[in-house]
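1. Give me the fold of what follows.
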Amino acid sequence: MRNIINTLFLFAIMLRSNAQNHDSLTANDYARAEHFLRYNTQPYIDNGEVNPFWLPGDKFWYKNLNPKGSEIIVVDAIQGTATPAAGEQKGGDAPLNHREFNKKALISPDSSKEAFIKDYNLWVKDLKSGKLIQLTTDGIKNFGYATDNAGWKKSDNPILKWSPDSKKIATFKQDERAAGDMYLITTNVGHPKLESWKYPLPGDTNIITIHRVIINVDEPKVIFIKADPDPHRASLSDDISSSGTFDDVAWSPDASQLAFVSTSRNHQQEKFRIADAGTGVVREVFDETVNTQYESGQGTINWRYLPSSKEIIWYSERDNWGHLYLYDALTGKLKSQITKGNWVVTQLIKVDEKKRMLYFLADGREPGNPYFTYFYKIGFDGKNLSLLTPDKGNHTIKMSPDENYFIDYYSQPDVPGISLLRSIDGKLILTLEKTDISRLIATGWKPPVPVTVKAHDGVTDLYGLMYTPVQFDPAKKYPIIDYIYPGPQGGSIGSWSFIASRGDNQSLAELGFIVVQIEGTSNPLRSKSYHDMNYGHMAENTLSDQVAAIRALALRFNYMDTNRIGIWGHSGGGFATACAMFSYPDFFKVGISESGNHDNRNYEDDWGERYIGLLSTDGSGSSNYALQANQLYAKNLKGKLLLAHGFMDNNVPPSNTLLVVEALEKANKDYDLIIFPNSAHGYGVYAPYMMRRRWDYFVKNLLGKIPPKEYKLESKQDPRNPGSM
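-> The predicted structure follows:
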């Protein structure tokens, strides 16, 4: 009898053990998933993208990482040779001293002076004598010179542009006096610290404006440009200094004129103007008005003022595609359209005024993926268009200082890259490196699968990436996780170049999921009508495209389980995730919404006013913004929702998430919440904690298994490249 009892007891233990193994994931499972994060994959990539450091005489060096360690390669572009530097094969400092530039002080073109802000006024320092000169005296708090504050981003850096002769400075006096404040409060023992700064919101009567000025440095003298103050806007983005310096301004070579573009509050009108640098008198050259929002390119501002020929290169999407146009700078009349076709110019790289040639990046002209970027040249007259980078893939270009050569790195999401040295006419001089991922593949890594599906309209092609587990079983049914960033200034994919680890997408797949990234309509890099498809209705969030894409993929791949679909995203993706859980409650079962701008009335003024338009109210008192606020639809929640936010988030204020929390509580809905009391938008040192909690949440609620308790993600650096993560 005792033997029977013992046997039954052992059998019960075995059943319990098997049940635990079946219903649980272990620390080893998480370790395998962690293996696919960047800090574990990057050390196995050899001969990667070349980052050149140029030397005099058309030479440069770069650091190459290989299985033996690292080596310094010195390249002579004229001779077409690449030679390892003796004694540098195992790392060490590069053979060049670099000056650390202080961004809080901008150095003049002749390197004789640096400009900086002190007590809201602009000063310069003579770098030879050390003498300090105060250029302005009437700057005060919230009405200072060259100050940097876009609301969502601020710094102590001066925002200005030196003239070519180093004798003048173009900048502004930024008026924030009547703008509304934003408040954050620290969590600590004792009295908390209150952080406050100017942060206008959509619909505010008073926003931040800039009074443009030119400063003669040697006198010194401040000349106010004779034009009304401009909204704190740029033609490219929601910050007048998105490039790191003063955007949309250009000096003439002799510093007698300053060309600039004024952007309206709603981004629908751009005015090209030229100011006399001596008097501040402004000449209106031309303007462009659009029905939705104007932008001057993708990633860089594409207009150029050419005073020697009295012409202007202008960027416009007036024919539904982003193209370059030639204007007469004296009359403001259009001379000709330079580039044409159903493709989009993204970045104007070089203007050769003598040869009257333009060099630019563009997407969508070559067959295949329309997001792949290629490098071209064309004449000012629109003739002799030439493709300079013919190899299939996504190209990134790094020009030499004299612009006679460039490094051409091209790759695809599932094809490693090649770095080439080319002359400016596209001639191949030298193959520098071919990325080798054989050691990475040996670890079990595999690339994502590019996919193409139709949008919600059933006509438009969408492009994306799909991740499956390395130990994939096509006979199984896998739950689906949709990673989303809806833009509209970017998209879910980000770069279409080769990247071994795109966030934790492959790691999530290793835990037992199919992960998808879909670039939906209303994202950039295609036609204007594509980009504007959801203009005025940001809460669309490409969600109808995500749903259509997942359904189409599930028909194509029967191992995708459409009864178990999760979604997650950060910032705009957090907004989209909560919206998905409320708008498609029977489709998306689990969502993780991180730092979302859930109500754009509570996010910085420029974002919503650019992509939704100015806030308006109908006769009933309802606004166009209120209809897109996530908290109004929280009552529709059916699935599991995890919200997260940093309570020192100076980009998306935490009130955005708390509005949703309050609405869920009013609706008697269960939800989960993670707060980071002293963290900003990206959670900083707590980002690995958030990632682990994200894994746990999907494993438990979508996969239906028990995660290992408190697994700790530990980032590492590549031993070949100290300081990397």
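2. going forward, measure contacts and count neighbours with C-alpha atoms only.
-> Noted.
3. how far away is residue 403 from residue 424?
-> Counting by CA to CA, to the nearest Å, the gap from residue 403 to residue 424 is 7 Å.
4. Please read the previous query as pertaining to residue 184.
-> Separation of residue 184 from residue 424 (CA to CA): 50 Å.
5. got a list of contacts for the strand ranked longest in the chain?
-> In the chain, with assignment by DSSP state E, the single longest strand is strand 560-570. The contact list for strand 560-570 (CA atoms under 8 Å, 6 or more residues apart in numbering) reads 477-485, 514, 550-551, 553-554, 574-577, 580, 587-596, 698, 702.
6. which other helices and strands contact whatever helix or strand comes next after it?
-> Downstream of strand 560-570, the next assigned helix or strand under DSSP states H and E is helix 572-583. Packing partners of helix 572-583 (3 or more CA pairs under 8 Å, 6 or more residues apart in numbering; DSSP states H and E): strand 560-570, strand 590-594.
7. One more pass at 6 Å, please.
-> Under the contact criterion of 3 or more CA pairs under 6 Å, 6 or more residues apart in numbering; DSSP states H and E, helix 572-583 touches strand 590-594.
8. Would you mind pulling the contact partners of the strand it packs on?
-> The list of residues contacting strand 590-594 from outside it, by CA atoms under 6 Å, 6 or more residues apart in numbering, reads 566-570, 574, 577-578, 639-645.
9. What about the residues you listed, which one has the most neighbours?
-> Within the contacts of strand 590-594, most neighbours by other CA atoms under 10 Å means residue 577, with 36 neighbours.
10. who's in contact with it?
-> Residue 577 makes contact with 568, 593 under the criterion CA under 6 Å, 6+ apart.
11. Quick check, pLDDT for it.
-> In this model, residue 577 is scored at 98, pLDDT.
12. where do the helices sit along the stretch 551-700 of the chain?
-> Secondary structure of the stretch 551-700 of the chain (DSSP state H, counting those that start in this stretch): helices at 572-583, 605-611, 655-666, 687-698.
13. Can you give me the buried ones in the first one?
-> To tie it back to what came earlier, the one meant is helix 572-583. Within helix 572-583, the residues scored as buried using 16 or more other CA atoms under 10 Å are 572, 573, 574, 575, 576, 577, 578, 579, 580, 581, 582, 583.
14. What angle do strand 560-570 and that helix make with each other?
-> Using axes from the mean of the first three to the mean of the last three CA atoms, to 10 degrees, the direction of helix 572-583 lies 130 degrees away from that of strand 560-570.
15. more crowded one of residue 403 and residue 424?
-> Each of residue 403 and residue 424 has its neighbours counted (other CA under 10 Å); residue 424 has more, 18 against 15.
16. Leaving out the residues flanking it, which one is nearest to residue 59?
-> The spatially closest residue to residue 59, leaving aside those adjacent along the chain, is residue 76, at 4.6 Å (CA to CA, 6 or more residues apart in numbering).
17. Bridged to the one you found, which residues?
-> Beta-bridge partners of residue 76, counted by DSSP bridges, are residue 59, residue 81.
18. Next, count neighbours for it.
-> A count of nearby residues for residue 76, using other CA under 10 Å, gives 16.
19. just checking, it touches residue 61?
-> No: here residue 76 does not reach residue 61: they are 8.9 Å apart, not a contact under CA atoms under 6 Å.
20. and residue 294, what element?
-> Using DSSP H and E, no helix or strand contains residue 294.
21. for it, what are its contacts?
-> Residue 294 sits next to 267, 268 when contact means CA under 6 Å, 6+ apart.
22. how far away is residue 337 from residue 327?
-> 9 Å.
23. higher neighbour count, those two?
-> Neighbour totals were compared for residue 337 and residue 327, and residue 327 leads with 21 against 18 (other CA under 10 Å).
24. beta partners for the closest residue to residue 482 other than its chain neighbours?
-> Nearest residue to residue 482 in three dimensions, chain neighbours excluded: residue 567, at 4.5 Å (CA to CA, 6+ apart). When bridges are called by DSSP bridges, residue 567 pairs up with residue 482, residue 591.
25. Relative to residue 540, how far out is residue 567?
-> Counting by CA to CA, the gap from residue 567 to residue 540 is 15 Å.
26. next one: residue 437
-> Look at residue 437 and residue 540: by CA to CA, they are 39 Å apart.
27. Next: residue 319.
-> As defined by CA to CA, residue 319 lies at a distance of 25 Å from residue 540.
28. More neighbours: which of these two?
-> More crowded of residue 319 and residue 540, by other CA under 10 Å: residue 540, with 20 against 13.
29. and the residue nearest to that one when sequence neighbours are not counted, how many residues sit next to it?
-> Nearest residue to residue 540, sequence neighbours excluded (CA to CA, 6+ apart): residue 534, at 6.5 Å. Neighbour count of residue 534, defined by other CA under 10 Å: 19.
30. Residue 534 sits in which helix or strand?
-> According to DSSP H and E, residue 534 maps onto no helix or strand at all.
31. Begin at 537, not 1, for the rest of this chat.
-> In the new count, where the first residue is 537, that last one comes out as residue 1070.
32. Phi, psi for it please.
-> Residue 1070 adopts backbone torsions of phi -110, psi 20, taken as degrees, to the nearest 10.
33. and if you look at residue 578?
-> phi -60, psi -40.
34. returning to that earlier point: wait, which of the helices of the stretch 1087-1236 of the chain is closest to residue 662?
-> Of all those, helix 1141-1147 sits nearest to residue 662, with 37.5 Å by CA to CA.
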